[in-house]
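Peer 1: Give me the fold of what follows.
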Amino acid sequence: MPPGSHRIRSIHYLRMIAAVMVVTYHVFSYHLMSADDPAMTRWLREGVGLFFGISGYVMVISTSASPPDPASFFWRRVRRIAPLYWIATACVVIGTGEENGWKILSSMLFLPSMGIADGPVLPVGWTLNFEMAFYALFALFLPVPRRIAIPALASILILASCISQFPDPPPLAAYYGQPILLDFVAGMLIAHFDFRLPGWLTPLGFLLLALAPQWTDIRPLTVTVPVALILASARSLDHKLKDWPLPTLLGEASYAIYLSHLFILLPALLFFGQDHAGGGAIAILASIVAGVIAHKYIEIPLTELLRQVERRGFGLAQQADGQAT
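Peer 2: Sure thing, here's the model as predicted:
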């Protein structure tokens, strides 16, 4: 973490944990490793819910001091999310010979295929459909005073999260109107009200993620409440956390790890076969290493290139304005 960085260590390290959770879950769900009770490993998939909670938190915190205009905000999110995802998607298209044009186009545009195709080309891309929709909605509320915007947006997302529970909702509404939206709400409200709990409750949040599905199948109780508990309590640990190099690096590379890990797990499955504990452990480690490499040598250079293009374009625009006046 560079000196003077405003990065929140607890949130940054939770990114690392969320990415490793998803990778480990897929090691089990793709049967590289087996568990005596598969239900005991399913909670790891809720690394996605933790990612969504983090997104809600970070969007509020990062725009609170000086809200950007909606277009600039949304462009920065596209610049952050899209390039690496497009590259990963293109690799899958080339590798699989995917010919469904709508599936490819909807994947690239972060849109659901709505029954025309079976989800995004890159399977984990479904989460980015929700992320981009959240960013677009969040952008619309940026011009509104913060004391009104955050509660209003949270209320809209809460109402929308109920749509899929009604009989025969329109397909698009059923797709986006899922309880998973409440994870964004939890992060937003914790950030907006600066709500914190004692740091020792953080492990309890992860324990609830693992155990709550044994007691109920109501997702807000099995995921959103534990995620909120993790976020609110982890914030109280910041004074104890240091700039440890490895967790910092893995937090920075968490998005790349998330996008790239299936490129490692599926070949590992072919090489080691199913239910190979050693192969599963190697696949987890290799996925993390591959994600770090993708972050350092693809994601960072791409992001910097886009920033340079953006700065150059802004400079040319200013020059043209100067000449015009």
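
Peer 1: in the stretch 101-250 of the chain, which spans are helices?
Peer 2: Along the stretch 101-250 of the chain, counting by DSSP state H, counting those that start in this stretch, helices occupy 101-108, 126-140, 146-160, 171-176, 181-192, 202-211, 219, 225-234, 245-252.

Peer 1: would TSV of those helices with mean pLDDT and mean neighbour count be doable?
Peer 2: The way it works is simple: take the backbone N, C-alpha and C, and place the C-beta from them, glycine included. Formatted as TSV, the helices of the stretch 101-250 of the chain follow (pLDDT from 0 to 100; neighbours: other Cβ atoms under 10 Å):
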stretch	mean pLDDT	mean neighbour count
helix 101-108	94	17
helix 126-140	97	19
helix 146-160	96	16
helix 171-176	91	15
helix 181-192	98	25
helix 202-211	96	17
helix 219	95	19
helix 225-234	98	24
helix 245-252	96	17
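
Peer 1: Now tabulate the ones you listed in CSV and tack on distance to A268.
Peer 2: As requested, the helices of the stretch 101-250 of the chain are exported to CSV (distance: least, Cβ to Cβ, whole Å):
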stretch, distance to A268
helix 101-108, 24
helix 126-140, 22
helix 146-160, 37
helix 171-176, 32
helix 181-192, 29
helix 202-211, 25
helix 219, 31
helix 225-234, 29
helix 245-252, 19
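
Peer 1: OK, contacts around A154?
Peer 2: Counting by Cβ atoms under 8 Å, 6 or more residues apart in numbering, A154 touches 185, 188-189.

Peer 1: wait, I meant W200
Peer 2: W200 neighbours (Cβ under 8 Å, 6+ apart): S233.

Peer 1: ditto for Y57
Peer 2: Here Y57 is in contact with 11, 187-188, 190-191, 231 (criterion: Cβ under 8 Å, 6+ apart).

Peer 1: Give me the buried stretch members for the host helix or strand of it, please.
Peer 2: Applying DSSP states H and E as the criterion places Y57 in helix 47-64. For helix 47-64, a neighbour-count test (16 or more other Cβ atoms under 10 Å) marks 47-61, 63 as buried.

Peer 1: Could you point out which residue ranges in this protein have low pLDDT?
Peer 2: Applying pLDDT under 70 to the chain flags the ranges 1-6, 313-325.

Peer 1: ok, 50 please
Peer 2: Low-confidence regions of the chain, defined by pLDDT under 50, span residues 1-5, 317, 325.

Peer 1: Closest to the centroid, which residue in it?
Peer 2: Nearest to the geometric centre of the chain sits F51, at 4.3 Å (Cα atoms, centre = their mean).

Peer 1: how close does it get to R15?
Peer 2: In this view, F51 and R15 are 7 Å apart by Cβ to Cβ, to the nearest Å.

Peer 1: Same check on L44?
Peer 2: L44 is 15 Å from R15, by Cβ to Cβ.
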